[in-house]
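Chemist: Quick check, what structure comes out for this input:
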Amino acid sequence: MAASPDTIHHGAGSGSTSRGLSLGRVALTVHDLDGVRSFYEQTVGLHLLRRDGETAELGVGNDVLVELRRDPSARRRSPREAGLFHTAFLLPARADLGQWVRHAAAIRAPLVDASDHAVSEALYLSDPEGNGIEIYADRPASRWRWKDGMVEMPSDPLDVADLAASAGDGTWSGFPEGASVGHVHLQVGAIAPAEAFYAGVLGLAITCRYPGGTFYAADGYHHHIATNIWNSRGAGERSYPSTGLAEIQIRLDPARTEAVRQRAGDAASVTAAGITLRDPWGTPVALVLR
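Modeler: Numbers count the residues shown, from 1 in each chain. A predicted model of the protein is given here:
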């Protein structure tokens, strides 16, 4: 089922917070709650908002961006199964990303990659339990290049020195106000059923295709969700409990939420808090009202 053209608008966006959709918290199941929490605080730069012996919530201001759930009995997820590829944290300005780059260099953060995607500049690392992380800043939407509803997103070398210089005299003190989960990138077993769910059921527009990967968004953003089979081709349904991705939260306006509920039919679990669906590999996707 294709996304409805009356609710999706290509090339009209100016950031990840679109008119009717944005990403909420990403929940992760972990073995070492204190170790992983410390990494998201000290290396990534999230602020600890709440914690107890079993969970920790980290984010910015009152916004929870990552929820860590301790389960020492959960099996350790294989990097070749379906689940999380990375959580992508969007910083409000290039100078913020430049400050983070300087911070990462000072603490010798375990970076694994860096790319200029034309729409954004991004750096990549993994937390201590193998959950992928992207930290990025968007270029102005007016500079994004669209053709026939698809946006150009190459993976070119990143000018890290120029990015660091953009920080000026600013110093890093953790994620600033306005930082958010910009997108979530998933590992899946096959592209066709991923598109059927994320475009067909959730109603997102397909905005870019790579070999083995598809990108989806609402309201002209480059992507809110991505799916790939680069490490996980042929992966079956996930077996729980396991470490790794426990839930994605997507914030929708009431009209879009109702449209998803109708398309999902009996597959939607409806509660007072919103709607929960499972993608074809069993990953819970919680839809909550904006």
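Chemist: Residue 178: neighbour count?
Modeler: Residues lying near residue 178 (other C-beta atoms under 10 Å) number 15. Just so you know, the C-beta spots here come from the backbone N, C-alpha and C atoms, and that holds for glycine as well.
Chemist: For it, which non-adjacent residue is closest in space?
Modeler: Counting by C-beta to C-beta, 6 or more residues apart in numbering, residue 92 is the residue found nearest to residue 178 once chain neighbours are left out, at 3.9 Å.
Chemist: Show me the strands in the stretch 51-200 of the chain, by range?
Modeler: 55-60, 63-70, 83-91, 111-116, 120-126, 132-138, 146-147, 150-151, 180-187 (DSSP state E, counting those that start in this stretch).
Chemist: As TSV, those strands with mean neighbour count and mean pLDDT would be great.
Modeler: Listed next are the strands of the stretch 51-200 of the chain as TSV, based on neighbours: other C-beta atoms under 10 Å; pLDDT from 0 to 100:
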stretch	mean neighbour count	mean pLDDT
strand 55-60	21	98
strand 63-70	21	98
strand 83-91	24	98
strand 111-116	15	98
strand 120-126	21	98
strand 132-138	23	98
strand 146-147	13	98
strand 150-151	20	98
strand 180-187	24	98
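Chemist: Could you dump those strands into TSV and include distance to residue 40?
Modeler: What follows is those, written out as TSV (distance: least, C-beta to C-beta, whole Å):
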stretch	distance to residue 40
strand 55-60	5
strand 63-70	6
strand 83-91	10
strand 111-116	16
strand 120-126	11
strand 132-138	8
strand 146-147	34
strand 150-151	29
strand 180-187	12
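Chemist: Please name whichever of these is nearest to residue 209.
Modeler: The stretch from the strands of the stretch 51-200 of the chain with the least distance to residue 209 (C-beta to C-beta) is strand 150-151; that distance is 7.3 Å.
Chemist: Could you list the paired strands of the closest one along with their orientation?
Modeler: Paired neighbours of strand 150-151 in the sheet (DSSP bridges): strand 146-147 (antiparallel).
Chemist: Would you agree residue 221 falls within a helix?
Modeler: No. Residue 221 is assigned coil when assessed by DSSP: H, G, I helix; E, B strand; the rest coil, not a helix.
Chemist: ok, it - how many residues close by?
Modeler: Applying other C-beta under 10 Å, we find 31 other residues in the vicinity of residue 221.
Chemist: again with residue 148
Modeler: Neighbour count for residue 148, taken as other C-beta under 10 Å: 5.
Chemist: So for residue 165, what's the nearest residue that isn't a sequence neighbour?
Modeler: residue 98 (6.8 Å).
Chemist: Tell me the confidence at the residue nearest to residue 178?
Modeler: According to the per-residue confidence, residue 92 scores 98 in pLDDT.
Chemist: contacting residues for it?
Modeler: Counting by C-beta atoms under 8 Å, 6 or more residues apart in numbering, residue 92 makes contact with 137, 176-179.
Chemist: now do residue 77
Modeler: Residue 77 is in contact with 83, 130, 242-244, counting by C-beta under 8 Å, 6+ apart.
Chemist: Low-confidence stretches in the protein?
Modeler: Residues of the chain meeting the criterion pLDDT under 70: 1-19.
Chemist: Residue most distant from the centroid, it?
Modeler: Relative to the mean C-alpha coordinate of the chain, counting by C-alpha atoms, centre = their mean, the farthest residue is residue 169 (29.5 Å).
Chemist: I'd like to know how far that one sits from residue 224.
Modeler: 34 Å (C-beta to C-beta, to the nearest Å).
Chemist: Could you do residue 50 as well?
Modeler: According to C-beta to C-beta, residue 50 and residue 224 sit 26 Å apart.
Chemist: Which of these two has more residues huddled nearby?
Modeler: residue 224 (27 against 11).
Chemist: pretty sure the more buried one is in contact with residue 21, am I right?
Modeler: Yes. The pair formed by residue 224 and residue 21 meets the contact definition of C-beta atoms under 8 Å, at 6.5 Å.
Chemist: Now the common contact residues for the two.
Modeler: With C-beta under 8 Å, 6+ apart, residue 224 and residue 21 have common neighbours 218, 250.
Chemist: Tell me which stretches of the stretch 151-290 of the chain form helices.
Modeler: For the stretch 151-290 of the chain, the helices defined by DSSP state H, counting those that start in this stretch occupy 160-165, 191-195, 254-264.
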